[in-house]
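Asks: sequence and computational prediction follow.
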Amino acid sequence: MNEAQLYSDHLRTVCARTDAALAACGFESLAIHSGRAALQFLDDQPYPFKVNPHFKAWVPLTDAPDCWITYRPGARPRLIFVQPQDFWHKPPALPSGDWTAHFEIEVIEQPDQAKPLLAGLPRCAFVGEWRAQFETWGFAEPNPQALLEHLHWPRAAKTPYELACMRQATAKGVRGHLAARDAFQAGASEFEIHLAYLRASGHTDEELPYPNIVALGANAAVLHYQHREQAAPAARTSFLIDAGAQHAGYACDITRTYAATSGEFGALIEAMEQVQQALCAQVRSGVDYARIHLDAHLRIAQVLSEAGIVSLTPADTVDTGLSQVFFPHGVGHLLGLQVHDVSGFAIAPDGTRKPPPEGHPWLRLTRTLEPGFVVTIEPGLYFIAPLLEQARAKHGRHIDWQCVERLRPYGGIRIEDNVVCTDGEPENLTRAAFAAAAE
Ligand code: GLY
Ligand code: MN
């Protein structure tokens, strides 16, 4: 199916989901604001613009501040597009592409000109970042919680168009990852590796779906490491890169870990690779995602035990909480328009929550998997100084501290793929894109 047909089917699904959500919550129409480029405090410089995810669910526009989608069930959706007369900045180009045929498009020059175009929408729910000026625009309610829950719930299952966008995002991300790996092997600094990633993926920093994590050596122990050291370290030990890309607003989220030389840490990466692939194979319709997370703990505990890092059995390593010292985050999350996509805890369209298992507060997804869900699978094993210190009193005698000291300079390991749940075998978007790049 070509992209135009995929999009047309996607839009039909978005309309049907919206019809159901509006009906369930007692609204007759919807107005989605794309957002505004906010200015920094006491300054005339804007923060990077990040479009409202509800807006980009309808249209493939990510750089469109002050625009609107309006929708009434049964009617054609409308796009109100702001194209300012501006000689300081380059005005955005008018929307183009096959998708525009599905919309009634109004072009205005000033954001306030949207007000009369929005007047008269019956019992209209507003979705977006609320601004005081909208008080007089006639909306029935801003961001009704019940409506948001009903709109978020079905987003877990991607349409074929969304999967196609995510495959394209993945291809860009993989190009970046391969360039980053080569830069690491050539002795580059974190900063240089980051630049190599941007160049190869074709993204500016602001276009990335989340800030790249580019960590050499011990920096890999910082889960969301945010710096880019300009000098290459004296000794190259390891490299962890967690970096994504996007296509039409849909993200990929990929992590790889490399050792500079084979040896103890390289063997740990190999063991974690086996763990990660076994977990990816569990992405099946009907599976409780929280069980994959709990199984990840058991498998990582086995790696810790076989490597001699801990002396307890795998079951006891999990039961006593020792595995949390080395793997202190969730095994993954929903992925799509947002990197940590919405509705990970919902067990019904009204947003009724299923919390993460006791003792696992960082798990972001507790839903039962269904065909179309895209999840990340990202087990990790780290040597995190503050967590190891905290653990000393309770678990100290079960940890081989000499081993920990040897491995600390390597920081840690995370391997992350993006996996589609289907009716049968899972589709691993990430592995497929790495394989295609190697052909
Ligand atoms: N890639 C960043 C995260 O999943 O938190
Ligand atoms: Mn992730």
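Replies: The structure has been received and is ready for your questions. Ligands and ions are numbered 1, 2, ... in the order given.
Asks: please work out the residue of the stretch 301-439 of the chain nearest to ligand 2 and name it.
Replies: Nearest residue of the stretch 301-439 of the chain to ligand 2, counting by C-beta to the ion: residue 376, 4.3 Å away. Glycine gets a C-beta too; all of them are placed from N, C-alpha and C.
Asks: what's the neighbour count on that residue?
Replies: 26 (other C-beta atoms under 10 Å).
Asks: that one falls within a helix, correct?
Replies: No. Under the criterion used here (DSSP: H, G, I helix; E, B strand; the rest coil), residue 376 is strand, not part of a helix.
Asks: ok, it - contacts?
Replies: 253, 332-333, 335, 416-419 (C-beta atoms under 8 Å, 6 or more residues apart in numbering).
Asks: contacting residues around the residue of the stretch 101-250 of the chain found nearest ligand 2?
Replies: Closest residue of the stretch 101-250 of the chain to ligand 2, C-beta to the ion: residue 242 (6.9 Å). If a contact means C-beta under 8 Å, 6+ apart, then residue 242 has 212-213, 253-255, 414, 416 as its contacts.
Asks: what about ligand 2: which of the residues you listed touch it?
Replies: Among the contacts of residue 242, proximity to ligand 2 is found for residue 253 (C-beta under 5 Å from the ion).
Asks: dump the contacts of residue 242 to CSV, plus pLDDT, neighbour count and secondary structure.
Replies: Putting the contacts of residue 242 into CSV (pLDDT from 0 to 100; neighbours: other C-beta atoms under 10 Å; DSSP: H, G, I helix; E, B strand; the rest coil) gives the following:
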residue, pLDDT, neighbour count, secondary structure
212, 98, 23, coil
213, 98, 23, strand
253, 99, 26, strand
254, 99, 25, strand
255, 99, 22, strand
414, 99, 24, strand
416, 99, 21, strand
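Asks: rewinding a little: any idea which of the contacts of residue 376 is closest to ligand 1?
Replies: Using C-beta to the nearest ligand atom, residue 253 comes nearest to ligand 1 of the contacts of residue 376, at 4.7 Å.
Asks: now for the closest residue to the closest one other than its chain neighbours: which residues touch it?
Replies: Leaving out its chain neighbours, the residue that sits closest to residue 253 by C-beta to C-beta, 6 or more residues apart in numbering is residue 244, at 4.7 Å. Residue 244 sits next to 169, 173, 208-210, 212, 251-254, 339 when contact means C-beta under 8 Å, 6+ apart.
Asks: related to what we said a few turns ago, among the contacts of residue 376, which one has the most neighbours?
Replies: Neighbour max across the contacts of residue 376 (other C-beta under 10 Å) = residue 418, 30 neighbours.
Asks: and the contacts of the helix or strand containing residue 315?
Replies: In the assignment (DSSP states H and E), residue 315 maps to helix 314-319. Applying C-beta under 8 Å, 6+ apart, the contact partners of helix 314-319 are 294, 297-299, 301-302, 304-305, 310, 322-323, 398.
Asks: ok, the residue in the stretch 201-350 of the chain that ligand 2 sits nearest to to residue 35 distance?
Replies: Closest approach between the stretch 201-350 of the chain and ligand 2, counting by C-beta to the ion: residue 253, at 4.2 Å. According to C-beta to C-beta, to the nearest Å, residue 253 stands 22 Å off from residue 35.
Asks: again, but for residue 47
Replies: 11 Å.
Asks: pick out whichever of these two has more residues nearby.
Replies: Remark: of residue 47 and residue 35, residue 35 carries more neighbours, 20 against 11, as counted by other C-beta under 10 Å.
Asks: tell me the confidence at the closest residue in space to the more buried one that isn't next to it in sequence?
Replies: Leaving aside its sequence neighbours, residue 35 sits nearest to residue 52 (C-beta to C-beta, 6+ apart; 4.8 Å). At residue 52, the pLDDT value in this model is 98.
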